[in-house]
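**Q** need coordinates for the below:
(chains A and B)
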Protein chains: 2
Amino acid sequence: MPHVIIVGCGFGGLAAARELADAKVDITIIDRSNHHLFQPLLYQVATAGLSAPAISAPIRSILAKQRNLTSLMAAVSKIDVARKTIALEDGSEIAYDYLIVAAGSTHSYFGHDEWAPLAPGLKTLADAFDIRRRILMAFERAEREPDSVRRAEWLTFTVIGAGATGVEMAGTLIEIARHTLRGEFRRIDPQQAKVVLLEGSERVLGAYPADLSEKARAQLVKLGVDVRTSSRVTHIDEECVRYTDQSGEQRLASRTVIWSAGVAASPLGKSLNVPLDRAGRVIIGSELWIPDHPEVFVIGDLAAVTSDGKPVPGVSPAAKQMGRVAARNIINRISGKPLENFVYQDYGSLATIGRKAAVAMVGKFKFSGYPAWLFWLFVHVYFLIGFRNRLLVMSDWAWAYLTFKRSARVISNAIDTPVEKPDDAPSQ
Amino acid sequence: MPHVIIVGCGFGGLAAARELADAKVDITIIDRSNHHLFQPLLYQVATAGLSAPAISAPIRSILAKQRNLTSLMAAVSKIDVARKTIALEDGSEIAYDYLIVAAGSTHSYFGHDEWAPLAPGLKTLADAFDIRRRILMAFERAEREPDSVRRAEWLTFTVIGAGATGVEMAGTLIEIARHTLRGEFRRIDPQQAKVVLLEGSERVLGAYPADLSEKARAQLVKLGVDVRTSSRVTHIDEECVRYTDQSGEQRLASRTVIWSAGVAASPLGKSLNVPLDRAGRVIIGSELWIPDHPEVFVIGDLAAVTSDGKPVPGVSPAAKQMGRVAARNIINRISGKPLENFVYQDYGSLATIGRKAAVAMVGKFKFSGYPAWLFWLFVHVYFLIGFRNRLLVMSDWAWAYLTFKRSARVISNAIDTPVEKPDDAPSQ
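**A** Next up, the predicted model:
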């Protein structure tokens, strides 16, 4: 039977594996971690609202019943399209007949990799634990700091980049400061904490229409976030962030900085030896295979593809849809049938901002505030993998909503690891 | 108002703090971590059955409403009883009028500290994450191992020490191999995994009567655990454990080893300059204060105290009872009243072994098997701190019981930290 390797078990890789469940192929799915991650809720782990198991599930367990599939926990270091093999980091090689590369994306610091340890981004559970530790430790440090200037530095949180993740982080951080920690400290007042959202462009949620961006900004400001657009970061160190805005260079004293400004494709794309776009994504046609190698498919965040003449966004529904099309096209190739074209089905966009605050766009409908937030809640719980996780997440949220408490406020010593360099941690 | 410092927020420290809720004192409670841990269920985190937030709660949150109390996340490095100060690891000092030392215990490797990184013990959440990662990674490594001898090494798990924790770990490990992972691997059969429980003395659960030890052993064997008593470990390395039994020196090829053989008191006891027992515990009278310093109390696992002529065991009910007596004796000292004597109330002993398997002893009643297991379940859920955690743990367990699934099977990169040396990590 033909051997299909799928690299990466994110939304795209998982959808491809499932689509091949009844096909007469041997599948090996390879992922660096042992779990599939529901990335849209990762910011809730980073902000102590959810525990890691609530948004992740063991890949083996999800795919246990698919008898034509083997799951391998390993890091892929290279793809050799000429010899039709992939190399693992331990030096071993595996041959394929068909390959689906779904290795995803990682953070990009726009040439400033030295910022990575100072301003972690949010892609993996390890990132989320790191950010959670930094946020909780900042309040602990502030409580122990006798100097009022330094105390204010510890109580200033900066989020860089006002895309969906940045907006969610800023909105949740202000909720933690204003509500969750209220009354728990004796020397500081957590409500004095400042959350600053820096964005290089002119508006927040740049992928949304201008009126929804404006609504999102208004909701952030109402929650208490200090939103500063047209502010380009030029420097980060342990004590401050520097940026330029219309009035010149500014210095923001802040000891906790979170990066949500840039995304780069997995470095695995390079080893395919085909044209990449500026973000490092593999440029492919609508049948999703790469030039000269009809047996190699690229999907998800790693793929630069257009649909109806427009670039397809790096969101989970697009990854899932590509995964299914790539899987069906492998079946088509094997059976000698014509291939299918990928056409992106846009079900709408949704971004949460905080408690009762969100913006949504479904077809021609745009809405915001409480209704958008309820809609967001429903959609995210619905799509979470596994019935049990849905129940867990709902009960965690119901509890958090009613009490403002957050259940996952553990600072563990195990989490005192240095931040990985972005290039070492593709979210394959 | 007199300043009371409590070092450590385990069961003893927390009980003392609560007992002082209405006293006219200023309390500072200091703990190295930000959370109170329900240690009796820590093995469930180590074996992926529970998530960390389910068995831990932020100390600030638990004690938020106690207005006479300040909580400090910090590590205490030294106690100076002459100057009535404690020193923190950051160099600062805090003065006290009364001190309660509840710094607990840590692992002891009986002079073989080089075994610590090879055979982690279970005291903190960091330990539990480390052990969880080792167990899950061993199955992953076995799946990727082409050599059958090495594969068997990866599938052999050794637990050293058959006290309550060792018995729980062994029973749960065999359940993971036989049930949880069934059908999820393609090259190995997790049911082939071996769990060996090594114990130096003649029987398991040595603190229990001989007939209950025998019942526990029978239940372990029935679950599939290979129980080897009178087996003293002499050597551990990355590939094997060596031990001596009646027939001489034995070699057990095993790549995952868990240590539950020895406990040592926190090194903070030494800085009190008073007599210690062989395990490093502070020898105190029944009023719980140390010789020459009537303002310094020692409680919990760090205290060597007798009640009715018998040594008080290092269990959580004893720590809680001591905490309350020490707190009341501080109030008695302040108001010039005579001090109270600590008398240990023994409510019984309970050890779980695995699914439907446990032994229990309540007064003169001894029972084992399913009834003991149900009793254990009830008692542990009841005593878990916080209504919400109780619900979470119950739902996790109900789910695990019905499906054999375990919810917390995440291997996170963040957890790839070296094991801390035991001396660096008192569970204060």
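
**Q** tell me the pLDDT at residue A:400?
**A** Here, the pLDDT recorded for residue A:400 equals 68.

**Q** buried set for stretch A:34-42?
**A** Residues A:34, A:35, A:36, A:37, A:38, A:39, A:40, A:41, A:42 are the ones in stretch A:34-42 that count as buried (16 or more other CB atoms under 10 Å in any protein chain shown). All C-beta spots, glycine's among them, are computed from the backbone N, C-alpha and C.

**Q** hey, where'd the helices end up in the stretch 51-200 of chain A?
**A** Ranges of helices in the stretch 51-200 of chain A, per DSSP state H, counting those that start in this stretch, are A:59-62, A:125-144, A:148-154, A:164-175.

**Q** and those helices, which is most packed in?
**A** Across these, averaging neighbours per residue (mean count of other CB atoms under 10 Å in any protein chain shown) puts helix A:164-175 on top, at a mean of 26.

**Q** run the angle between that one and helix A:125-144 for me.
**A** 30 degrees (axes from the mean of the first three to the mean of the last three CA atoms, to 10 degrees).

**Q** can you name every helix or strand that helix A:164-175 contacts?
**A** In terms of contacts (3 or more CB pairs under 8 Å, 6 or more residues apart in numbering or on different chains; DSSP states H and E), helix A:164-175 is packed against helix A:42-46, strand A:156-160, strand A:194-198, helix A:210-223, strand A:349-354.

**Q** at 6 Å instead, please
**A** Counting by 3 or more CB pairs under 6 Å, 6 or more residues apart in numbering or on different chains; DSSP states H and E, the packing neighbours recorded for helix A:164-175 are strand A:156-160, strand A:194-198, strand A:349-354.

**Q** need the helices of the stretch 51-200 of chain A in a markdown table (columns: distance to residue A:282 and mean pLDDT).
**A** Below are the helices of the stretch 51-200 of chain A laid out as a markdown table (distance: least, CB to CB, whole Å; pLDDT from 0 to 100):
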| stretch | distance to residue A:282 | mean pLDDT |
| --- | --- | --- |
| helix A:59-62 | 23 | 90 |
| helix A:125-144 | 24 | 93 |
| helix A:148-154 | 42 | 96 |
| helix A:164-175 | 23 | 94 |
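
**Q** of those, which is nearest residue B:228?
**A** Comparing those against residue B:228 with CB to CB, the closest turns out to be helix A:59-62 (30.8 Å).

**Q** related to what we said a few turns ago, to residue B:81, which of the helices and strands packed on helix A:164-175 lies closest?
**A** strand A:156-160 (40.4 Å).

**Q** please work out which of the helices and strands packed on helix A:164-175 is packed deepest.
**A** Taking mean count of other CB under 10 Å, strand A:156-160 is the most buried of the helices and strands packed on helix A:164-175, at a mean of 26.

**Q** mind listing the strands it pairs with, and their directions?
**A** strand A:194-198 (parallel), strand A:256-259 (parallel) (DSSP bridges).

**Q** turn those strands into JSON lines, columns for mean pLDDT.
**A** As requested, these are exported to JSON lines (pLDDT from 0 to 100):
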{"stretch": "strand A:194-198", "mean pLDDT": "98"}
{"stretch": "strand A:256-259", "mean pLDDT": "97"}
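
**Q** make CSV out of the ones you listed and add distance to residue B:145.
**A** As requested, the strands paired with strand A:156-160 are arranged in CSV below (distance: least, CB to CB, whole Å):
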stretch, distance to residue B:145
strand A:194-198, 49
strand A:256-259, 38
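
**Q** low pLDDT regions in the stretch 301-428 of chain A?
**A** A:385-391, A:394, A:398-400, A:403-405, A:407-408, A:410-428 (pLDDT under 70).

**Q** related to what we said a few turns ago, may I see the helices of the stretch 51-200 of chain A arranged in CSV, with distance to residue A:367 as well?
**A** What follows is the helices of the stretch 51-200 of chain A, written out as CSV (distance: least, CB to CB, whole Å):
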stretch, distance to residue A:367
helix A:59-62, 33
helix A:125-144, 29
helix A:148-154, 38
helix A:164-175, 16
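
**Q** select, out of those, the one closest to residue A:338.
**A** Nearest to residue A:338, of the helices of the stretch 51-200 of chain A and by CB to CB, is helix A:59-62 at 31.6 Å.

**Q** the helices of the stretch 51-200 of chain A: which one's closest to residue B:81?
**A** helix A:125-144 (23.9 Å).

**Q** give me the helices and strands touching that closest one, please.
**A** Using 3+ CB pairs under 6 Å, 6+ apart: helix A:125-144 touches helix A:42-46, helix A:148-154.

**Q** any idea which of these gets closest to residue A:373?
**A** Proximity to residue A:373 (CB to CB) singles out helix A:42-46 among the helices and strands packed on helix A:125-144, at 14.0 Å.

**Q** within reach of chain B, which of the buried residues of stretch A:34-42 are there?
**A** Filtering the buried residues of stretch A:34-42 for neighbours of chain B using CB under 6 Å from any CB of the partner chain leaves A:34, A:35.

**Q** tell me the one among the buried residues of stretch A:34-42 nearest to residue A:276.
**A** Looking across these and measuring by CB to CB, the closest to residue A:276 is residue A:39, at 22.7 Å.

**Q** now that closest one: how far from chain B?
**A** The gap separating residue A:39 from chain B is 14 Å, by CB to the nearest CB, to the nearest Å.

**Q** cool, residue A:234 as well?
**A** 30 Å.
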